[in-house]
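Enquirer: Below: sequence and its predicted model.
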There are 2 protein chains.
Amino acid sequence: MYATALDCSAKNFSKRISLDLLRFTPGGISRAELARQMGLTRSALTTIIGDLMESELVREAEDGPASGGRRPVLLEINPQRGRVAGIDLGATHLHLLITDFAANILAEAESPLNITDGPQVCLGKVHTRLNRLLDESRLSWQEISAVGVGVPGPVEAQIGAVSAPPIMPGWDNFPIRAYLSELWKRPLSLNNDADLGALGEWSYGAGRGERNLAYIKVGTGIGAGLLLNGNMYHGNSGSAGEIGHITIREDGPPCTCGSRGCLEAMAGGNAIASRARAAAKAGRRTQLASFTPLDTLSARDVAAAARLGDLVAQQIIAESGALLGIAIASLINLVNPGLVVIGGGVAECGDLLLEPIRKAVQERSLRSSGQAVRITASLLGRRSSSMGAVVQALNLALDTLVDHS
Amino acid sequence: MYATALDCSAKNFSKRISLDLLRFTPGGISRAELARQMGLTRSALTTIIGDLMESELVREAEDGPASGGRRPVLLEINPQRGRVAGIDLGATHLHLLITDFAANILAEAESPLNITDGPQVCLGKVHTRLNRLLDESRLSWQEISAVGVGVPGPVEAQIGAVSAPPIMPGWDNFPIRAYLSELWKRPLSLNNDADLGALGEWSYGAGRGERNLAYIKVGTGIGAGLLLNGNMYHGNSGSAGEIGHITIREDGPPCTCGSRGCLEAMAGGNAIASRARAAAKAGRRTQLASFTPLDTLSARDVAAAARLGDLVAQQIIAESGALLGIAIASLINLVNPGLVVIGGGVAECGDLLLEPIRKAVQERSLRSSGQAVRITASLLGRRSSSMGAVVQALNLALDTLVDHS
């Protein structure tokens, strides 16, 4: 660990840090401020910025704020230097973004996807949809420097594959990263979708500046992404944050993972949808009953009905929130984060889900941890994970360009 | 974060890293190997080691391993450079160590303590017992460079106090660190006891070289210490690892923390002792029934009886293990550690407790996480936390000496 930091070229190391400071500070930074934050002399910084401007990675922003006399020149990432793609594969949908180097969105698409169709079918769809998005937005593959991809299962970084993913049958150990980087001839980063949600919200959303952050994705699956001590935390085999599989009820219903009473089995998208179908079939007064065919009713539909005032739907969402709250209180007691961000399709009903979560957390978390934490809805919404994928793609692109600058 | 690394004197930074490499590598390291691990040139390393030898922090070990020709000279921490004290306050006992700079134990003591007597009484006992231990071992305060202290509650580092500690009534916000460092006129490090257990086992016990480690202390309270990405993890307000207060049964018995169904309320030392008393009163055939007065029967007594073959005691310990296993499976799903070390008084019955834990973990953890983890008993036993306190005391002592070298 120590050796790496000391081994690598100090100049490239400083360049990379400058770029990160510029990327994650909205509005740009003056040379003087950047030198101060980096702990570098003005002349050392001038050399570094000179190199970065020469390779067109950094530029002077057009407008600095007026400060009485001369305006300080602000530096920023050069958005025009290149493009990246960020792709989020969910259980039931696919979300794609193309951004410039400042993570400004240039093109966006969403498509249905059935993750249980397996890797060949799903990755084929991703390829087709990405090509179509490039066409539609008059962008070309030549402009894309790197790609980030998220998947709803535990990712083993070393092999670039998912390992025993409960809601991704057929994907176990399929070499996703190798397959796509071969197909696209681009540097490619593969990560768990909830991990990317945490990174996306930390970089551009509700979690800016937080040191310890958990992002909970509530959809068909329930997963958490952890950002601890200011860094992504993946655990020993890339499976950290699997909050969906912590036991809520010792003798509860069986789960896809082989255990029973897991949070996901009791409060995940499938549990929500099946409770809604049962309510409709039981003749309860709910607009969900008019959904045809009832079998296709999804958790997102329940969330939509809840937002429109359907009491049965609201009750189902609230029950899910109360169970989520128990698990999130456990996470808070174990990890003591400063912020918990709730995202994913079900989270779109906002306080209907968040209030029962907050109540359970207040009741069940230790006072010292409960007082330290805020619980909030995601700011980036459906884009949390794909923006996280963009951040990872930009990391790869900048690493490569700095090494060659 | 970046600024700090670049601001600090590069030479002192390298000295401190050299010392850590020497501290945690049993048997010493040759100059060539140290230069390689540090990514430094031989001449840069020579300067650094020269300084450290001049200030008597490092010395040449007496025997290098023979390797055909000339033996390489191995460097090691100079054990004689000073002494530190490591102190662990438990709920019912006090454990003290005095070591040299290589963490070799020079003196050791254990005393009963009732943490609910509050800070004035307890810290007075600590002071008296430490002075007596120094006397008994013919050591003087002059030789003690720094002290590390562990307490069974969440420690807020900024204020050097415990915050709303469930099993430490009367201690909330009492300035423990300020009080003791004023009393002893020494640098003092205050930490949670389970955090110190993790650090102790990582430094000198079952967890050497692990990147992600959880240490679970099972005593009156149940707490976890987390070492993540190779660093201690404390969370936002020092409360990380409070596994004792995660919900095991939604409508379970009330807990000292104000919640209900917490692991600690169901499987902690008090729960074990009260189940044992109930079994004895119910006339079950157990040697525990002959314990007088029955009210003083403790979890440690139950563990001792279990080790001696008492079936009722064994059953109570196994039930506790099964509940612990549910919570530890949750921790494994969330944190994905490579190793879980079980310590504390109850853990002294070894596999009687560990086997039900392993079984529950196998059933309830996600395959990718369950396969990545080993679950083992602590190697340092009652010394885990006090050895962690020694590590922290040595950190303070070495920081001070390097700054002045």
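Expert: Ah, there it is.

Enquirer: need the contact list for the residue nearest to residue A:15 when sequence neighbours are not counted.
Expert: Leaving aside its sequence neighbours, residue A:15 sits nearest to residue A:402 (CB to CB, 6 or more residues apart in numbering or on different chains; 5.0 Å). C-betas here are computed from N, CA, C, even on glycine. Neighbour list for residue A:402: A:12, A:15-16, A:19, A:57 [criterion: CB atoms under 8 Å, 6 or more residues apart in numbering or on different chains].

Enquirer: Can you flag which of those belong to helices?
Expert: Among these, the members falling in helices (DSSP state H) are A:12, A:15-16, A:19.

Enquirer: ok, which stretches of the stretch 101-250 of chain A are strands?
Expert: A:105-112, A:144-151, A:155-156, A:161-162, A:188-192, A:213-218, A:222-228, A:231-233 (DSSP state E, counting those that start in this stretch).

Enquirer: Give me the residue ranges of chain A where confidence is low.
Expert: Applying pLDDT under 70 to chain A flags residues A:1-9, A:63-70, A:405.

Enquirer: what number of residues lie near the closest residue to chain B within the stretch 251-400 of chain A?
Expert: Ranking the residues of the stretch 251-400 of chain A by distance to chain B (CB to the nearest CB) places residue A:336 first, at 2.6 Å. Neighbours of residue A:336 under the rule other CB atoms under 10 Å in any protein chain shown: 28.

Enquirer: How about residue A:290?
Expert: The number of residues near residue A:290, taken as other CB under 10 Å, comes to 8.

Enquirer: The nearest residue to residue A:160 once chain neighbours are set aside and residue B:390: what is the separation?
Expert: Using CB to CB, 6+ apart and skipping residues adjacent in sequence, the residue nearest residue A:160 is residue A:177, 2.7 Å away. Noted for residue A:177: a distance of 44 Å to residue B:390, by CB to CB, to the nearest Å.

Enquirer: between those two, who's got more neighbours?
Expert: residue B:390 (31 against 18).

Enquirer: and that one, what element?
Expert: helix B:384-403 (DSSP states H and E).

Enquirer: what ranges do the helices span in the stretch 1-150 of chain A?
Expert: A:2-7, A:10-23, A:31-38, A:42-54, A:119-136 (DSSP state H, counting those that start in this stretch).

Enquirer: How about residue A:41, nearest residue that isn't a chain neighbour?
Expert: residue A:35 (6.9 Å).

Enquirer: ugh, wrong one, I meant residue A:119
Expert: residue A:174 (4.3 Å).

Enquirer: So that neighbour is in contact with residue A:161, correct?
Expert: Yes: with contacts counted by CB atoms under 8 Å, residue A:174 reaches residue A:161, the gap being 5.9 Å.

Enquirer: More neighbours: which of those two?
Expert: residue A:161 (24 against 19).

Enquirer: if I pick that one, what's in contact with it?
Expert: A:155, A:171-177, A:190.

Enquirer: End to end on stretch A:72-79, go ahead and measure it.
Expert: 20 Å (CA to CA, to the nearest Å).

Enquirer: Pull out the buried residues from that stretch.
Expert: A:72, A:74-78 (16 or more other CB atoms under 10 Å in any protein chain shown).
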